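K.L.:
3D, please:
(one chain, ligands or ions: 2)
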Amino acid sequence: MNKKILLFNPRSSERKYRIPNSVLQVAASVDGIYDWVIVDGNREADPYDKIQSYLNTGKFQYVGFTVMPGPQLKQAIPFAKKIKETYPGITMIWGGYFATNQHKSALSSGYVDYVINGPGDYAFPQLLQALDKGEPVNQIQNLIYRENDTIIKTPKAELVDYDKLPRLPYSKLDKMYSLENYLGKTYLGTKTMAYNSSFGCPFTCSFCAVVPIYEARWKGKSAQGVYEDVMLLKNNWGANAIEFYDNNFFVSEKRVTEFCNLIKKHNMSWWGEGRIDTVHKYSDESLALMRESGCKMIFFGAETGNDEVLKKMDKGGTQTGKQILEFAARMKKFDIIPEYSFVLGTPGDSRQQVMKQVDEDISFIKQVKEVNPDTEIIIYVYSPVPTEGSEMYNQVLKSGFRFPEKLEDWLKNDWENFDLRKNPLTPWLTPEMVDKIKNFETVLNAYYPTVSDIRLKSYQRTIIKNLSRFRYKNNLYQSPFELKALHKLWKYRQPEIQGF
Ligand code: B12
Ligand code: SF4
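P.N.:
Ligands and ions are numbered 1, 2, ... in the order given. From the prediction side, this is the model:
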């Protein structure tokens with residue numbers, strides 16, 4: 001037990017903390033076999049100081065970082081480098097979406113030794129045991145590492161059966177960081193828990209980072225198992241709302257309705273992410289039951305109203321512009337807010353075509369708002385993910401776009417904006433197009449401020465709505481400085497950046 005493990009969750013959020021499920025689940029996989037600690041960058045003023053205080057004891061052999069694209073890289077990259085320089089004997093293991101999808105730059109950096117390719121629940125303890133015993137690691141599934149100049153990717157494992165995994169060690173986490181402070185005040189409730197109940201997604205949208213990792217596979221925990229976990233957090237720490245962080249919570253109508261029936265008497269509000277075409281197939285009874293059980297809002301990838309582009313995105317074939325509008329209207333009947341995300345700025349054959357598509361998407365979003373003004377709109381600018389072989393990724397490569405090869409290059413401002421899907425470096429998007437998208441977003445957010453910004457007062461909502469009315473109604477989006485100034489002044493909170 002003296003080869004301890006330090007698991008680090010780099011800072012991802014300024015104010016709203018969430019249970020760091022990625023590292024907590026990894027901790028569960030070694031709990032009882034190894035001693036472990038978590039350092040949560042969201043909860044430490046100086047996380048490196050904390051890391052150092054652990055590593056200076058000399059008892060730590062393994063350091064694991066969870067790394068997703070965007071702000072987490074700001075701590076992940078320099079900290080990993082410094083750790084390797086100061087404690088060269090430490091084995092550095094990265095997991096998470098950035099680590100997996102950008103494993104080449106991670107492993108070429110010289111300070112990341114191993115990358116876990118997808119779920120780490122079995123790969124992580126197996127790797128540590130092999131390293132402890134000095135055994136080869138090439139038999140361990142879901143692993144990526146370097147052998148001289150060659151990158152070795154071992155085969156992918158079958159998806160994990162969530163019900164067979166150990167329960168997350170919440171009480172141990174509570175001793176390091178009070179769990180109560182992880183249960184934040186949100187639009188859903190005063191003590192909102194973040195929870196993940198499934199792996200993967202059965203679809204293959206060509207812009208989505210889940211696809212190369214899970215390859216169209218999905219496996220969920222049973223409704224009973226999810227219910228028991230939720231009740232544990234409710235009974236011990238007073239949770240009264242749930243954010244389901246699953247890539248696709250709604251794959252199985254049966255699992256969802258079973259969960260609703262179990263939870264409905266417990267007065268919990270909840271939110272999750274799903275697909276329009278999947279949930280549109282749900283019966284009216286199921287939708288009514290979901291609302292009754294506390295479902296207040298669902299995040300959906302609407303992406304675009306253009307059927308041709310939807311096809312190119314490989315949304316699975318059944319989502320159409322007409323369906324997106326119909327479904328927004330249907331959700332209104334059930335009093336569940338659809339939170340639609342759109343991806344603007346996808347590649348096209350010519351500049352005119354790209355601009356025309358941006359204009360069409362803007363007018364489609366306004367149509368959605370007419371059908372159901374409560375619909376929340378999230379706008380992303382298309383940022384490619386390396387989904388090898390997809391039609392869209394081939395088009396991206398043809399246009400000359402390349403990911404950075406060096407890990408440090410990801411720290412440059414431009415690449416951070418790329419990660420946040422706010423201003424990508426894609427050759428087909430001109431600054432004029434990006435401005436148009438962003439300016440429209442500003443006007444839209446002013447005319448329809450998100451309900452999820454619970455700090456925005458109702459008088460502020462009225463002021464900004466009135467101020468933006470003329471622009472919104474007359475499609476005048478250029479240079480909305482007055483609205484931007486108010487957003488800045490009131491610290492308007494965009495859920496896609498700060499958390500939903
Ligand atoms: C929670 C979350 C956030 C939180 C913060 C997360 C945190 N760590 O504090 C917030 C809301 C801040 C966030 C923001 C963003 N996110 Co985010 N986020 C998620 C979300 C919904 C859940 C992550 C999670 O907890 N999963 C549950 C755990 C148990 O699963 P897991 O992380 O996959 O972990 C397993 C394995 O990956 C592996 N593993 C992971 N880490 C490690 C570490 C070690 C050492 C090992 C051994 C194994 C390992 O083992 C784990 C157990 O099996 C995922 C989607 C998803 N369902 O995973 C997106 C996701 C990771 N986010 C994504 C993105 C792009 C972002 C943003 C950069 C952009 C955006 N606008 O969405 C922003 C960045 C802004 C910011 N402030 O950081 C993308 C990544 C896509 C990509 N291109 O790689 C995802 C996949 C969503 C998506 N489908 O697009 N996010
Ligand atoms: S449905 Fe959502 S999670 Fe699944 S592949 Fe498409 S975008 Fe990704």
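
K.L.:
the stretch 251-400 of the chain: helices as residue ranges?
P.N.:
253-263, 276-280, 284-292, 307-312, 321-333, 351-371, 391-398 (DSSP state H, counting those that start in this stretch).

K.L.:
for the stretch 401-500 of the chain, what spans make up the helices?
P.N.:
Going by DSSP H, counting those that start in this stretch, the stretch 401-500 of the chain shows helices at 413-419, 431-447, 458-473, 481-489, 495-498.

K.L.:
mind putting these into CSV with distance to ligand 2, mean pLDDT and mean neighbour count?
P.N.:
Using the backbone N, CA and C atoms, a C-beta is placed for each residue, glycine as well. Output for those, formatted as CSV (distance: least, CB to the nearest ligand atom, whole Å; pLDDT from 0 to 100; neighbours: other CB atoms under 10 Å):
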stretch, distance to ligand 2, mean pLDDT, mean neighbour count
helix 413-419, 16, 74, 16
helix 431-447, 19, 93, 19
helix 458-473, 28, 94, 14
helix 481-489, 28, 91, 14
helix 495-498, 14, 65, 16
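
K.L.:
T346: which of those helices is closest?
P.N.:
helix 431-447 (11.3 Å; CB to CB).

K.L.:
which other residues reach that closest one?
P.N.:
Contacts with helix 431-447, where a contact means CB atoms under 8 Å, 6 or more residues apart in numbering, come from 344-345, 354-355, 358, 362, 365, 377, 379, 381, 422-423, 464-465, 467-469, 471-472, 476-480, 483-484, 486-487, 492, 494.

K.L.:
residue in the stretch 201-350 of the chain with the shortest distance to ligand 1?
P.N.:
A209 (3.1 Å; CB to the nearest ligand atom).

K.L.:
which bits of the stretch 1-150 of the chain sit near ligand 1?
P.N.:
Residues of the stretch 1-150 of the chain found near ligand 1 (CB under 6 Å from any ligand atom) are 9, 12-13, 18, 20-22, 25-26, 64-66, 68-72, 93, 95-98, 101, 116, 119-121, 124.

K.L.:
buried subset of the residues you listed, written for PyMOL?
P.N.:
Filtering these down to the buried ones (16 or more other CB atoms under 10 Å) takes a single PyMOL command:
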select buried, resi 9+12+18+20+21+22+25+26+64+65+66+68+69+70+71+72+93+95+96+97+98+101+116+119+120+121+124
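
K.L.:
can you list the weak-confidence ranges in this protein?
P.N.:
By pLDDT under 70, the weakly predicted segments of the chain are 1-2, 15, 316-317, 385-391, 419-425, 496-500.

K.L.:
domain parsing for it?
P.N.:
Segmentation of the chain into domains, based on automatic domain parsing, reads 4-153, 184-429.

K.L.:
now render the helices of the stretch 251-400 of the chain as CSV, adding mean neighbour count and distance to ligand 2.
P.N.:
Formatted as CSV, the helices of the stretch 251-400 of the chain follow (neighbours: other CB atoms under 10 Å; distance: least, CB to the nearest ligand atom, whole Å):
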stretch, mean neighbour count, distance to ligand 2
helix 253-263, 19, 15
helix 276-280, 21, 8
helix 284-292, 16, 19
helix 307-312, 16, 11
helix 321-333, 18, 14
helix 351-371, 16, 17
helix 391-398, 16, 12
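
K.L.:
in this structure F299 contacts G274, no?
P.N.:
Yes: in terms of CB atoms under 8 Å, F299 counts as a neighbour of G274; the distance is 7.3 Å.

K.L.:
can you give me every residue that contacts L183?
P.N.:
191-193, 233, 237-239.

K.L.:
can you name the residue of the stretch 301-450 of the chain nearest ligand 2?
P.N.:
The stretch 301-450 of the chain approaches ligand 2 most closely through G301 (4.8 Å), counting by CB to the nearest ligand atom.

K.L.:
the residue nearest to that residue when sequence neighbours are not counted: how many residues sit nearby?
P.N.:
Once flanking residues are discounted, G301 sits nearest to S341: 5.4 Å by CB to CB, 6 or more residues apart in numbering. Other residues within reach of S341, judged by other CB atoms under 10 Å, total 18.

K.L.:
quick one: T304 and G348 touch, right?
P.N.:
No: with contact defined as CB under 8 Å, T304 does not reach G348; the gap is 11.7 Å.

K.L.:
those two: which is more packed in?
P.N.:
T304 (25 against 19).

K.L.:
chain neighbours aside, what residue packs nearest to the more buried one?
P.N.:
Per CB to CB, 6+ apart, closest to T304 is D361, 5.5 Å.

K.L.:
so that neighbour sits against G321, correct?
P.N.:
No: if you go by CB under 8 Å, D361 and G321 don't touch, sitting 10.2 Å apart.

K.L.:
buried residues of stretch 161-173, list them for me.
P.N.:
Per 16+ other CB under 10 Å, stretch 161-173 contains these buried residues: 162, 165, 168-170, 173.

K.L.:
go on, stretch 5-12?
P.N.:
Applying 16+ other CB under 10 Å to stretch 5-12 flags 5-12 as buried.

K.L.:
in strands, which of those fall?
P.N.:
5-9 (DSSP state E).

K.L.:
which two of these have the greatest separation?
P.N.:
Farthest pair in those, by CB to CB: I5 and N9, 13.5 Å.

K.L.:
what is the nearest of the buried residues of stretch 161-173 to G32?
P.N.:
P169 (9.3 Å).

K.L.:
tell me the phi and psi of the closest one?
P.N.:
When read as degrees, to the nearest 10, the backbone of P169 gives phi -80, psi 70.

K.L.:
from Q61, how far out is it?
P.N.:
20 Å (CB to CB, to the nearest Å).

K.L.:
then W410?
P.N.:
For W410, the distance to Q61 - CB to CB - is 27 Å.

K.L.:
which of these two has more neighbours?
P.N.:
Ranked by neighbour count (other CB under 10 Å), W410 and Q61 place W410 first, with 24 against 18.

K.L.:
now do the contacts for the more buried one.
P.N.:
By CB under 8 Å, 6+ apart, W410 lies in contact with 69, 73, 77, 102, 105, 404, 416, 419.

K.L.:
hmm, try it at 7 Å
P.N.:
73, 77, 404 (CB atoms under 7 Å, 6 or more residues apart in numbering).

K.L.:
hang on, the earlier thing: among the residues of the stretch 1-150 of the chain next to ligand 1, which lie within strands?
P.N.:
Short answer: those in strands (DSSP E) are 9, 64-66, 93, 95, 116.

K.L.:
Throw the residues you listed into CSV and include distance to H280, thanks.
P.N.:
Listed next are those as CSV, based on distance: CB to CB, whole Å:
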residue, distance to H280
N9, 36
G64, 40
F65, 39
T66, 34
I93, 41
G95, 34
I116, 35
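
K.L.:
quick check: of these, which lies closest to F249?
P.N.:
Using CB to CB, T66 is the member of those that lies nearest F249, at 20.6 Å.

K.L.:
quickly list what that closest one is bridged to.
P.N.:
Under DSSP bridges, the beta-bridge partners of T66 are G95.

K.L.:
that one: what's it in contact with?
P.N.:
By CB under 7 Å, 6+ apart, the contact set of T66 is 9, 22-23, 95-96.

K.L.:
can you check Y182 too?
P.N.:
Residues in contact with Y182 (CB under 7 Å, 6+ apart) are 17-19.

K.L.:
6 Å instead?
P.N.:
Going by CB atoms under 6 Å, 6 or more residues apart in numbering, Y182 touches 17, 19.
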